[in-house]
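missing the sequence, but the structure's below:
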C-alpha cells in the first residue's frame, strides 16, 4: 500500500544516495525489496537517480542499458529533459515507461520504436484537444506544494519483479 | 498536510462535476498525490469512470491511475471487466495498448479468467504493437489463472518465431520467466531456443535465451554439451559486455552441470576465466563486480583455474568500493592452499590495519578466521603462526568478534597439543597486557579474548614459565571491571595457577614462598567476593574458603599441593559435536526415573547457581556457599575426588556444542551405590597424543568421553527425546567401546535434524501453480473460458457450452478446436486418456531401450531417436491438437478420410549418410486405427533402414495405435549415398480401421520428398571462419534472383533459416551472409541481398549440383512469399 511504497522509496533513496560516484551500480537485495533474489540497479544522472529493482532473471548490465535507453527516451520526448519535466509531467513519464516496461516485464528496448509509439499517442491526444486547460492548474497545484525531501517514485508495482522507481531531488 | 487536504477537497469537488475533462484532470492530480504516498483508494470509482471515457487522453489517465492504485483487494475492479474487454477490442491500437498496460498492473484471478480468451485472440492481432503487449501480459494472466497456461502455450510458442522482433522478444521474455520457475517443463523448447540463439541478433533476446539455457542445463546434460560451442563462439565474437557476461555465466552453469573433467572443458574454463579477468581488470566498477561474482561461481567447481588469478583478486581488495572488496574476500576464501595461506592472511592483516569502518574490518576479521579454520584447519601448517595472528587480531579496536577469536584460541589450544606451550606464553602475555585490551574496549567484544587467555593459562599452567607473574596479572584490581563471565573464568583459573605454583614451591621445599602465595590469594580474592556478578561472587567465596583452609594446613606444615592439584587433575579432550548422541543407554537405566528425589526447597541455594552458570563453565560443584564449614568441604572434596576417579575426563569446556555438560549441585547427594552402577559402562579413554601429532587429521577421530552419572543426570533432563535415539545403540557393551571413535564426517545426524536441502518452495508460491506439463495434449476440459453473449450466459459457469456464433467469425481457429472437442464423446475421451498415459509409458520404455541399444548398435531404428532431440521435441509440441504454427517445417505427406500424415526431415550429424524422417500420424476419423505399417520403395540412392533380418519389401510397423482424434509421431531412418540431389520415394501406409461395425483394411499411398535442404543442418558459423571459407577458393558459385518479394528482410531471413536450415552469419542492413552445412560436410555459404522488390541469393558450395538444387528450392520458397 502507500505506506510500504513510501518506505521502500525512502530506504532505497537512503541506500543509493550515500553511495560514492565510483562504486558499482548494484545493490544486493534487502528484505524490503523482496529478498535476496532481487537487486537494486541504479544510475545516477546529475541530481536524479534512476533505480530499478530487478530479480535474477534480468541481466544486470542489460538493465543498466535499459535505464540509459529510458533516459535517452525521456530526453527525446521532453527535448532536453530536466527534473521539473519529470515532476510536472509525471503522467507522461509514466506513459513512456509503460511503453518500455509493462507489468514489471521489459516490453521494448528499441528507442526508436518507443519514441514512435509515444509520438503517435501524443498526436492522438492532440487531436482530442488534450486535457482542456488542465495543465495550468496542475502546475499551480504542484508549485504550492512543499516538495518533499524524499525521493520521488514513479512506479511501484507489486514486489514481484523489477518495477522501477525513479527517485529524484535532493 | 493541510495544503494537501485542501487539495483533496478541491479534487473531490471536481470529481462530482459532470465534465469528463475536469474529472480526468482530478484523477490525474490524485495519481500524483498517490505517488507522494497519499491514499486515494476512495476515488476508485471515479477512476473507473475516467477509464471508460471515450477519448484516449482521458482513458489513459484513468488507466494510469488504476494501475497505480488498484490492487487485488480493490472491490470495484470487477466492474472494469467489460470496460477492459471493450477497450481490448477497440479499433484504435492505442486504446488496446493502454488497456493491456493497465491490466498488467492490476490483473486479478477473476479478470485473468474472464479476459484470458480475449488476450489470446490479441496475440495474433495484426499490429505487432498489440501482439507484443498481449504476449507479455499472458505471463501475468498465467500467474493469476494457471489453468490458462496449457491452452495458451501453443500460441505462445508460435510467437517465438514471430516476424516482429518486439513480439519475439516478448515471447522469449515470457517463456524465460515461466521456465525460470519450472525449467523442466520447458526442456522440449530447447531446440527452438537453440535455433533462435544461433540466428538472433538482438542482444536483449540473446541474453534472455542464454539465461534460460543456464536454467535448463542442470536438467539436461546433453544440452550443456551442445551449448558450449556456440556459447564460446559468442564469447569470442560479441562486443557487448552484457552478452559476454551472460554467456560466461551460462558456460559456467553448463560446466557445473557437466562436472566431468573432459579436456575440451578445461579450455572453456580457461576462456571464461580469462574473459572474467578482463572484466575484473576493467575500470568500470560494475564489470569488476560482476566479474568477481561470476568468478566465485567458477571457484566452487574449478578452484584451480581461479587460483592463478590470485594477484588480481588481491588487487581488488584495494578497491575503493566496499562491495567489490567483499566479493574479493569471498573469492579468497576458496583460493587458499597450504602454500599461500600465510601470504594471503598477511595481506589481509595489512588490510585490517588500513580498513576504515568497522563493518568492513569485522568482515575481514571473520574472513581471516574462516579462511584459516576452514575444513579443520586444513591449510594451516604452522599453528604458532596462527596463534600469533589471533593475538595480533586482538589489537583491533572496536570489533564485535572477540568471542570468535576467543573460540579459535580455545579450540586450537585444546586440540593442538604441541602448540600449548606457545599458546600459553602468548596468552600470559595477553593477560599481562590485559589493561590495554580491557581499558578502551569495555563496550565491544575484544575483551572476550581474555576469557580464552585466562582459561588457557589456567588449564595448561604446567607450560607456563612465569606463573607468579601471570597470577598477579590476574589478581589485578582492574580485572573487576571486566564482564562477569570473564571474571568468573579468571577466578577459576587463578586457583589452577595457584595449585601449580603451590606444587612447584612444595617440591622445591620453599614453604615460605608457598605461604606467601597463599597469602596473596587471600588478600586479593575478597575483591571478587564483593563482585556484583553472582557467579564470580560464588566462585570467589568458595575458593577463598578453600584457600583459607589450605593456609591452615600450611601453617601446620602439612603438604597440600598434591591434593590441591588433584582438584584439577585429568586430561581434557575435545568432544565431537555429536558425541553425546552416541552414548548408549546402559541397560537397566531408566532415564525418566528420578535418581534422587527432586531437591527439596532447602537446597535451593545449591540449585541457584545452576541456572545462572554460564554455558561454558565447568566443575561448578566445587563451589559452595561460604557458610559451609571446612569439614563439610573436605568431605565433599573426597566425594569429588572419588567422582573424578570414576571420570577420567571430567567434563569441561570443549569446542563443541556439547558444552552443556554442567555439573549439577546435586551430584554429591547421589548414593555411591548408584555411582557404581555406572562403572562397568565406563569407556576407557583413548590416548590422544599421537593423534595430535598429525595435525591435519587431528580432528577426524574423536573420542567420546563422558560416562559418569553426570551424564545420566543430564540425560535425565533431556529425557525421552534422547532416550529413544539412544536405545538404538543398546547393544552389548563390548560393541560400544570402539564406537567411541567418532568420525566427524560420517557422523549421523541427530534425530530431529532437518535435512538442509529441504524443498524450499513455498507452498503459496504463485509460480508453483504454473508447474504444469506443457507437452501433454490438451484435454477437453482445458480450454479458456470464452466470454459469450453478454447477457444471461454470463452467469453460467465458464465450462458450459454456449452459443459460439458471436465468436465464430472472429476466430476460426478457436471454432475449429471447439468443434472437434464437441465431437468427442466422453467415453471415448476416457479411453483416449488411458491410451495416452500408456503411450507415455511406452515412450519412456523406449528411451530406456535406446540407451542400451546405443552401445550394442542393434536396433538401428531407435538409435537415432535419442540423438535427434530436435525432432522429438518438435513432435512434442505438435502433439497438441492446436493448428500448426505458420512456420512449421512439417509438410503434408498424404491424407485421406481416416488419417493425415505430415512429415519433417532432419539431418543426422552423427551419421553422414542418414536422415531421420519424423512422421506425424493424425487420426481424423472416429474409428480406432491400428496395425499401421509404413513401407517405402527404396531407390538406389535412398533406402529405409529396416530392422536386421527383414527384407527390402517389408514395411516397418508404426509403434503405436491411434484412438480417434489423436495424433502421434513416429520416426524412420533413411540412408543415403549421395545428397546432392533431391529425392522422391514412393511409399504406402497400411492400417486397420476398427469401429463399431467391424474392422477394415485401408491403404494410403504417399510420396516422400527429400529436399536438398533437409540434408542441411543448421550450424552456426562466425564471420572470421566464414571469411576464411570464402577465401579458400575451393567453392563453386551460383546465384538466383527472385522478384516480387514484399515481405520484410527480417522475415525473409527467418524463412530461409527455418525452411532451409541456414544460420545468419552477419547482417548489414538489407544484406546478409548465411551459412549451413550438409550432413556430409559440404559447406554452403549464401549472400542474400534485398533490393526494391527482389531478392538475390549468391551461393557458394563445395558441390555445384547440391548448390544449384538448393538454390532452386530456395527460389520456390521465396517466390511463395
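Right, received. Where do you want to start? From a predicted model like this one, the values you see are computed outputs, not experimental measurements.

and residue A:58, how far is that from chain B?
Computed as C-beta to the nearest C-beta, to the nearest Å, the residue A:58 to chain B distance reads 8 Å. Where you see a C-beta, it was placed from the backbone N, CA and C, and this is true even at glycine.

Quick check: the gap between that residue and residue B:313.
Plainly put, residue A:58 is 27 Å away from residue B:313 if you go by C-beta to C-beta, to the nearest Å.

One more: residue B:100?
Counting by C-beta to C-beta, the gap from residue B:100 to residue B:313 is 48 Å.

of those two, who's got more company?
More crowded of residue B:100 and residue B:313, by other C-beta atoms under 10 Å in any protein chain shown: residue B:100, with 29 against 23.

Surely the more buried one forms part of a helix?
Yes - assessed with DSSP: H, G, I helix; E, B strand; the rest coil, residue B:100 lies in a helix.

Below-threshold pLDDT in chain A: ranges please.
Residues of chain A meeting the criterion pLDDT under 70: A:1, A:22, A:29-36, A:129-170.

Check it for the residue nearest chain B and tell me.
For chain A and chain B, the shortest gap (C-beta to the nearest C-beta) falls at residue A:103, measuring 2.7 Å.

Next up, phi/psi of that residue, please.
Backbone torsions of residue A:103, given as degrees, to the nearest 10, read phi 50, psi 40.

residues touching the residue nearest to it when sequence neighbours are not counted, list them.
Excluding the flanking residues, the one nearest residue A:103 by C-beta to C-beta, 6 or more residues apart in numbering or on different chains is residue B:104, at 2.7 Å. Neighbour list for residue B:104: A:102-105, B:67, B:133, B:136-137, B:140 [criterion: C-beta atoms under 8 Å, 6 or more residues apart in numbering or on different chains].

Mind jotting down where the strands sit in the stretch 951-1100 of chain B?
Taking DSSP state E, counting those that start in this stretch, the strands of the stretch 951-1100 of chain B run over residues B:956-957, B:967-976, B:983-995, B:998-1010, B:1016-1017, B:1036-1042, B:1063-1068, B:1071-1078, B:1083-1090, B:1095-1101.

In contact with residue 103, which residues?
No chain in the question, so chain A it is. A:157, B:101, B:103-105, B:107, B:136-137, B:139-140.

think we crossed wires, I meant chain B
Listed by C-beta under 8 Å, 6+ apart, the contact partners of residue B:103 are A:103, B:84, B:111, B:115, B:137, B:140.

So which bits of the top helix by length along chain A are buried?
Counting by DSSP state H, the longest helix found in chain A is helix A:60-78. Neighbour counts using 16 or more other C-beta atoms under 10 Å in any protein chain shown place A:60-67, A:69-70, A:73-74, A:76-78 of helix A:60-78 among the buried residues.

list the helices and strands it packs on?
On a contact count with 3 or more C-beta pairs under 8 Å, 6 or more residues apart in numbering or on different chains; DSSP states H and E, helix A:60-78 meets strand A:39-45, strand A:48-54, helix A:83-88, helix A:90-100, helix A:111-127, helix B:203-216, helix B:241-258, helix B:285-301.

who wins for proximity to residue B:917 among the ones you listed?
Among the helices and strands packed on helix A:60-78, the nearest to residue B:917 by C-beta to C-beta is helix B:203-216 (27.2 Å).

and residue 46, how many neighbours?
Since no chain was named, I'll use chain A. 8.

switch to chain B, that's the one I care about
Residues lying near residue B:46 (other C-beta under 10 Å) number 23.
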